[in-house]
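> structure for the following, please:
(2 chains)
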Amino acid sequence: STEAVATKCRRSRTKFTEEQLKILVDAFNKKPYPGYAIKQRLALEVNTEESRIQIWFQNRRARHRFLKRPEKNLDLRQDRAYPEENIQGVRDRRCRTSYTSSQLQTLMNAFMENPYPGIDSRQQLAEDIGVPESRVQIWFQNRRSRLRIQKKREPEEGSAQRQNQGQDL
DNA sequence: CCTAATCTAATCAGGGTCCCCCTGATTAGCCCATTAGG
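Residues are numbered from 1 along each chain as shown, chains lettered A, B, ... in the order given. Sure thing, here's the model as predicted:
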């Protein structure tokens, strides 16, 4: 098995310089849950894609979640508990991407071909439909997730159309 | 080895359409998610 995709699967690792890390760590200490505007500004300041900034914050939070002092292990979420104090607008998210039907068609076709596209495929796809690669990646994640849920909800369709008792909850 | 990249599951939230549904965006992950590149 494993016909090992010839093309590279993962995006190559981003290597941050010390300066870049200093800026990021500084921002993280100020605000471990930055909104979109802050992430965008950091991306500019550090000269990296915003998606890399987002991943960096995710990974750092994961690492620090348990690195923190055990006596106060609820700190990371404090920031979310008091949204009033946020300098930046509360709940500052990236704007929803709205796909056209032809863009969706392209994504669907690619999904049926391979629901786990590597970086090269995603980038090609992103270029084809004119959307950032990070959005394509999210689209595939959500698509896979919802397909799983749907399959779970409808266990089988081809066989066994009789017994269907007590499956709720 | 360290940590960026990736994954699943759950949840928040925008927008259409009529108050619920679809789906994009964000987050956590707990013997402390897993995988793998440099």
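> how far off centre is stretch A:141-155?
A distance of 18 Å separates the centroid of the chain from that of stretch A:141-155, by Cα atoms, centre = their mean, to the nearest Å.
> pLDDT of it, averaged?
Summarised as a single mean, pLDDT over stretch A:141-155 is 88.
> and the residue of chain A that's closest to DNA strand B?
residue A:66 (2.8 Å; Cβ to the nearest atom of the strand). The C-beta positions use only the backbone N, C-alpha and C, and glycine is treated the same way.
> what helices or strands is the helix or strand containing that residue leaning on?
Under the criterion of DSSP states H and E, residue A:66 resides in helix A:50-67. Helix A:50-67 sits against helix A:18-30, helix A:36-46, helix A:133-153, with contacts defined as 3 or more Cβ pairs under 8 Å, 6 or more residues apart in numbering; DSSP states H and E.
> of these, which is nearest residue A:114?
Residue A:114 lies closest to helix A:133-153 among those, at 9.3 Å (Cβ to Cβ).
> what's next to the closest one, contact-wise?
If you take Cβ atoms under 8 Å, 6 or more residues apart in numbering as the criterion, helix A:133-153 is touched by A:49-51, A:54, A:97, A:99, A:107, A:111, A:115-117, A:119, A:122-123, A:125-126, A:129.
> ok, back up a step: what's the spacing between the helix holding residue A:66 and its chain's center?
The answer for helix A:50-67 is 12 Å, by Cα atoms, centre = their mean.
> quick one: buried residues of it?
By 16 or more other Cβ atoms under 10 Å, the buried positions in helix A:50-67 come out as A:50, A:51, A:52, A:53, A:54, A:56, A:57.
> tell me the angle it makes with helix A:18-30.
On the basis of axes from the mean of the first three to the mean of the last three Cα atoms, to 10 degrees, helix A:50-67 is oriented at 60 degrees to helix A:18-30.
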